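>>> Sequence below, structure please.
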Amino acid sequence: MRKYFRQAGYFAAILILLPYVVTILLNGRSSLAQDNGTSPYVTVKSDEKNRKISLDEYGIGILAKEIAPERLLYYKNW
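As a prediction, this is how the structure comes out:
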């Protein structure tokens, strides 16, 4: 029985670590480093002013704008 659990543990470790190792080999360790504030920005014109916002915030706002209000009510009552 212990042998079965040991083999299951090895299998789980390989299953979890193998994709990580392959990713590191393909992309390099620099892909894991954070960008330290160098994320891309987008200039958006609103109310006759240009605002500089991060690309992530812009994407979230556009996505939220595209969702139909009927869908929000559907998910709220779900």
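>>> How much space separates the most centrally placed residue in the chain from L63?
By Cα atoms, centre = their mean, the mean C-alpha position of the chain lies nearest to D56, the distance being 10.2 Å. Distance, D56 to L63, using Cβ to Cβ, to the nearest Å: 11 Å. C-beta coordinates here come from the backbone N, C-alpha and C atoms, glycine included.
>>> and what of R6?
46 Å.
>>> Quick check: what element follows the longest helix anywhere in the chain along the chain?
Counting residues, the longest helix in the chain under DSSP state H turns out to be helix 2-27. The helix or strand immediately downstream of helix 2-27 is strand 41-46, counting by DSSP states H and E.
>>> what's that following strand in contact with?
With contact meaning Cβ atoms under 8 Å, 6 or more residues apart in numbering, strand 41-46 is reached by 50-55, 58.
>>> Greatest separation within the residues you listed: which pair is it?
Within the contacts of strand 41-46, two members stand farthest from each other by Cβ to Cβ: N50 and L55, at 15.6 Å.
>>> between these two, which one's more packed in?
When N50 and L55 are compared for neighbours, L55 comes out ahead with 11 against 8, by other Cβ atoms under 10 Å.
>>> The more buried one is in contact with G61, isn't it?
No: assessed by Cβ atoms under 8 Å, L55 is found out of contact with G61, at 10.8 Å.
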